[in-house]
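[1] no sequence on this one, just coordinates:
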């Protein structure tokens, strides 16, 4: 499994790469960042939280920002609650972001949680077999790539 490090400090923040080597979380947030409305500010803030805040302070504790969904899956919420980034903890202060999506009228869909659980299982298998590949900065700081 391939991952991209988006921030490193006391905590390591990773995002999953797909088979085309794309990071769905980053692509989603960057697409919102081009929207030109208030979602742009929220997407930029989420990118800053992932790359700058969490590596040094850990996940936000505020309920409006972070929610435990059960079974080891958690979510980061945008300020206005318009989108979610699903994630899980790994050992040694590692956070792995699985995917991001816009919240719809139905609220959080069970299919999104199942997707995060499936990715977490793939991650655990890859870790156990030594097949995790992490790229991005090895030193402290946020990912500055494109």
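    Noted; the coordinates are in hand. As the structure is a computational prediction, the values presented were derived from the model and not from experiment. Numbering: from 1, shown residues only.

[2] Pick out the residue closest to the middle of this structure.
    Nearest to the geometric centre of the chain sits residue 97, at 2.7 Å (CA atoms, centre = their mean).

[3] Helix or strand for it, just tell me which one.
    strand 94-102 (DSSP states H and E).

[4] Just list the residues touching residue 94, thanks.
    11, 12, 14 (CB atoms under 8 Å, 6 or more residues apart in numbering). The way it works is simple: take the backbone N, C-alpha and C, and place the C-beta from them, glycine included.

[5] Take the residues you listed and lay them out in TSV including neighbour count, pLDDT and secondary structure.
    TSV is the format used below for the contacts of residue 94 (neighbours: other CB atoms under 10 Å; pLDDT from 0 to 100; DSSP: H, G, I helix; E, B strand; the rest coil):
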residue	neighbour count	pLDDT	secondary structure
11	18	95	coil
12	20	95	strand
14	26	97	strand
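
[6] Would you mind giving the residues you listed as JSON lines with distance to residue 48 added?
    Below are the contacts of residue 94 laid out as JSON lines (distance: CB to CB, whole Å):
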{"residue": "11", "distance to residue 48": "15"}
{"residue": "12", "distance to residue 48": "17"}
{"residue": "14", "distance to residue 48": "17"}
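
[7] mind pulling up the phi and psi values for residue 44?
    phi -60, psi -40 (degrees, to the nearest 10).

[8] Neighbours of it, how many?
    Per other CB atoms under 10 Å, the neighbour tally for residue 44 reads 14.

[9] From residue 124, how far off is it?
    32 Å (CB to CB, to the nearest Å).

[10] Residue 10 now?
    To residue 124, residue 10 is 23 Å away according to CB to CB.

[11] Looking at the two, which one has more neighbours?
    Shown here are residue 10 and residue 124; by other CB under 10 Å, residue 124 has more neighbours (15 against 11).

[12] Okay, and the more buried one sits in which element?
    Going by DSSP H and E, residue 124 is in helix 110-128.
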